[in-house]
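Colleague: Pasting the sequence and the predicted model now:
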Amino acid sequence: MTEPRRNTARPCVIGSDPVGMDELLALARGEAEVRLDPSPGFRARIQAAARALDAQLRAGGAVYGVTTGVGASVGNEIPAELRGEMPYHLMRFHGCGTGPFLSEVETAAVVAIRLACLAKGRSGVRVELLERLCELLNQRLLPRIPERGSVGASGDLTPLSYLVATLVGEREVSWRGEVRPAAEALHEAGIAPIGLAPKESLALMNGTSVMTAVACLATERAARLARLAAALTAVASQVTRGNPGHFDARIFDWKPHPGPQRVAGWIREDLTAGTLPPPPQERLQDRYSIRCAPHVIGVLVEAADAARRSLEIELNGVDDNPLIDAASGDVLHGGNFYGGHVGFAMDGLKTAVASVADLLDRQLCLLCMPETSGGLPANLVAGTGAEALAHHGFKAMQIATSSLAAEALKATVPATAFSRSTESHNQDKVSMGTIAARDCRQVLELTETVAAIVLLAACQAVDLRGDETNGRRARALRDAVRKSVPLVEADRRQDRDIEAVLALYRSGELPIGGLGEA
């Protein structure tokens, strides 16, 4: 995806108040500058947890990952003189990530979420560490994080080790549009590598920040996709001379799921006609891919809303281990690093997204068949006579959407169902939340491409109908697309048309309508 423009005018204060998803996404995109809470109470809270941890260690208390080995090696007692080496060993042996790298926006979201967690004052880290994380975000000096290698409990250990490596000047970073050695980039940015206190590597790595970052971005994309799908449904209904009564508010009030109510409202708004009378109605009842579209897209709306609620709890939670109660001095060993809520949200969301891919694929079929389109030319071929017989219009585009929709549907197998026992049976029940989030991102990529193809076909249909199609959304979308993509008057390659429409959509240049109530 194209990286959005940066605007660092807005400050985002981390420390005392919860961080909303919109604030997180602004930080991820570089549209806001992060600051730590300047109040004395915030710093006192952070320092108190660090002192409580130090007191526990001086008293000879056992602290996982500091006085002991990690994972199934918890029985290894670490001599006091070697404890300073443990944070570096933990980071280094987890340097085994594979696969593509997270985007800069995803990586910045990871750093911001980790900062929000540690700023709760339950992890025993120093203020200096939080300040370094702020510097990384504000300078966009970001770790290169391979996306594979996490089972989602003990959090995202392997991918988050790349954040620790950046802080100490190891491995590689992305800075000013280039991949650079971390030590070199830190030096040029005027940021000194940090020396790690005994628990700081574990505090940074032992959480759900990677899966949550990918999930937050996916949730925002899913909400926008629902609005685009509603707009496409309105155009498809109109150009096929469908029955607008399918979207009557009373139908949805009598089975009042909020998602379908919202979607039907969007479609009614989009069908609002211009100065000409509405087109003739072809049939009493349309196929399900039109008539039931609010119900299908409405599930996605509600899945995205539910994911947002769950993820805002996750990104504001304390998810490392062990945790410090500064008031009592207790060190609490638990499992808040388990990413089950993120995994469940993403498995559900990707299923709802793929269902919309299937819906739009069926709508394209309706557009391309004269018997279901209200008499539009087969495959939306422009022109008449013998010349038209030699062209094929959107025939191959139908094949493409079928392939994309099938791939999206295949990816809906729940990742969270594949828990595996690993790490010498210490991590014997894991969430696979990071894989679920990555799967959701893939399904979104596929479904957005389906939507782009359907939009191209819908614009072709609008032009073929001429003035008969005068719904506000149909005209607005057609006009926006035609600035980049001309009418298909003869067979030509259309891959560049698809990319052009995807670029318009992802840059926010398509008038798909607002996401609020219609």
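Modeller: Thanks, I have it. Numbering: from 1, shown residues only.

Colleague: residues touching the residue most central in space within the chain, list them.
Modeller: Taking CA atoms, centre = their mean, the centroid of the chain lies closest to residue 218, which sits 1.8 Å from it. Neighbour list for residue 218: 346, 349, 437, 440-441, 444 [criterion: CB atoms under 8 Å, 6 or more residues apart in numbering]. For glycine as for every other residue, the C-beta is placed from the backbone atoms N, C-alpha and C.

Colleague: give me the element it is part of.
Modeller: In this structure, residue 218 sits in helix 209-239 according to DSSP states H and E.

Colleague: So for that helix, mean pLDDT?
Modeller: Taken as a whole, helix 209-239 has a mean pLDDT of 97.

Colleague: immediately after that helix, which helix or strand?
Modeller: Scanning the chain past helix 209-239 towards its C-terminal end, the next helix or strand to appear is helix 249-253 (assignment: DSSP H and E).

Colleague: Can you list the buried residues in that next one?
Modeller: Buried positions in helix 249-253, judged by neighbour count with 16 or more other CB atoms under 10 Å: 251-252.

Colleague: now what about it, what contacts it?
Modeller: For helix 249-253, with CB under 8 Å, 6+ apart as the criterion, the contacting residues are 260-261, 264-265, 268, 294.

Colleague: so which two of those residues are the farthest from each other?
Modeller: The widest separation within those, taken as CB to CB, falls between 260 and 268 and amounts to 12.2 Å.

Colleague: Which one's more surrounded, these two?
Modeller: Taking other CB atoms under 10 Å, residue 260 and residue 268 do not tie; residue 260 has more neighbours (23 against 17).

Colleague: Look up which helix or strand the more buried one falls in, please.
Modeller: Here residue 260 is covered by helix 258-270, with elements defined by DSSP H and E.

Colleague: elements contacting that helix?
Modeller: Secondary structure elements in contact with helix 258-270, counted by 3 or more CB pairs under 8 Å, 6 or more residues apart in numbering; DSSP states H and E, are helix 209-239, helix 249-253, helix 293-315, helix 472-482.

Colleague: got the contact list for the nearest residue to residue 100 once chain neighbours are set aside?
Modeller: Closest residue to residue 100 in three dimensions, ignoring its sequence neighbours and counting by CB to CB, 6 or more residues apart in numbering: residue 147, at 5.7 Å. Taking CB under 8 Å, 6+ apart, we find residue 147 in contact with 97, 99-102, 159, 210, 214, 434, 438.

Colleague: Can I get those residues in TSV including neighbour count and distance to residue 313?
Modeller: Putting those into TSV (neighbours: other CB atoms under 10 Å; distance: CB to CB, whole Å) gives the following:
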residue	neighbour count	distance to residue 313
97	22	27
99	11	28
100	9	29
101	18	28
102	26	22
159	28	21
210	34	17
214	27	17
434	32	18
438	25	21
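
Colleague: Of these, just say which sits nearest to residue 13.
Modeller: Top of the list for closeness to residue 13, among the contacts of residue 147 and by CB to CB, is residue 210 at 23.7 Å.

Colleague: Pull up the gap between the spatially closest residue to the closest one that is not a sequence neighbour and residue 100, please.
Modeller: In space, and not counting its chain neighbours, residue 210 is closest to residue 156: 3.8 Å by CB to CB, 6+ apart. Here the distance between residue 156 and residue 100 works out to 16 Å (CB to CB, to the nearest Å).

Colleague: Kindly confirm my reading that residue 488 is in a helix.
Modeller: No. Applying DSSP: H, G, I helix; E, B strand; the rest coil, one finds residue 488 to be coil, outside a helix.

Colleague: thought it was touching residue 494?
Modeller: Yes. Shown here, residue 488 and residue 494 form a contact pair, counting by CB atoms under 8 Å, at 7.2 Å.

Colleague: Give me the more crowded residue out of those two.
Modeller: Here residue 488 and residue 494 are compared on neighbour count by other CB under 10 Å; more neighbours surround residue 488, at 23 against 18.

Colleague: ok, residue 11 to residue 36 distance?
Modeller: As judged by CB to CB, residue 11 and residue 36 stand 11 Å apart.

Colleague: These two: which has the busier surroundings?
Modeller: Residue environment comparison for residue 11 versus residue 36 gives the larger neighbour count to residue 36, 19 against 9, counting by other CB under 10 Å.

Colleague: quick one, phi/psi of that one?
Modeller: phi -80, psi 150 (degrees, to the nearest 10).

Colleague: what sits against it?
Modeller: With CB under 8 Å, 6+ apart as the criterion, the residues that contact residue 36 are 13-15, 42, 119, 127, 130-131, 134.

Colleague: at 10 Å instead, please
Modeller: Under the criterion of CB atoms under 10 Å, 6 or more residues apart in numbering, the contact list for residue 36 reads 13-16, 42-43, 46, 115, 119, 127, 130-131, 133-134.

Colleague: same check, this time on residue 133
Modeller: Under the criterion of CB under 10 Å, 6+ apart, the contact list for residue 133 reads 14, 34, 36, 111-112, 114-116, 118-119, 125, 163, 166-167, 194, 204.

Colleague: again, but for residue 412
Modeller: If you count contacts by CB under 10 Å, 6+ apart, residue 412 has them with 347-348, 350-355, 357, 439-440, 443.

Colleague: So among these, which ones count as buried?
Modeller: 347-348, 350-355, 357, 439-440, 443.

Colleague: Let me know the closest of those residues to residue 90.
Modeller: Among the buried ones among the contacts of residue 412, residue 439 lies closest to residue 90 (CB to CB), at 28.0 Å.

Colleague: my guess is the closest one contacts residue 411, does it?
Modeller: Yes. Using CB atoms under 10 Å, residue 439 makes contact with residue 411 at a distance of 5.3 Å.

Colleague: What residues does the closest residue to residue 307 other than its chain neighbours make contact with?
Modeller: For residue 307, ignoring the flanking residues on the chain, the nearest one in space by CB to CB, 6+ apart is residue 345 at 4.1 Å. Under the criterion of CB under 10 Å, 6+ apart, the contact list for residue 345 reads 211-212, 215, 218-219, 303-304, 306-311, 314, 339, 416, 433, 436-437, 440.

Colleague: Report the buried members of those.
Modeller: Neighbour counting by 16+ other CB under 10 Å classes 211-212, 215, 218-219, 303-304, 306-308, 310-311, 314, 339, 416, 433, 436-437, 440 among the contacts of residue 345 as buried.

Colleague: Could you report the pLDDT at residue 426?
Modeller: The predicted local confidence for residue 426 comes out at a pLDDT of 89.

Colleague: Ramachandran angles for it?
Modeller: Dihedral angles (degrees, to the nearest 10) for residue 426: phi -80, psi -50.

Colleague: same deal with residue 398?
Modeller: The phi and psi torsions at residue 398 (degrees, to the nearest 10) take the values phi -60, psi -40.
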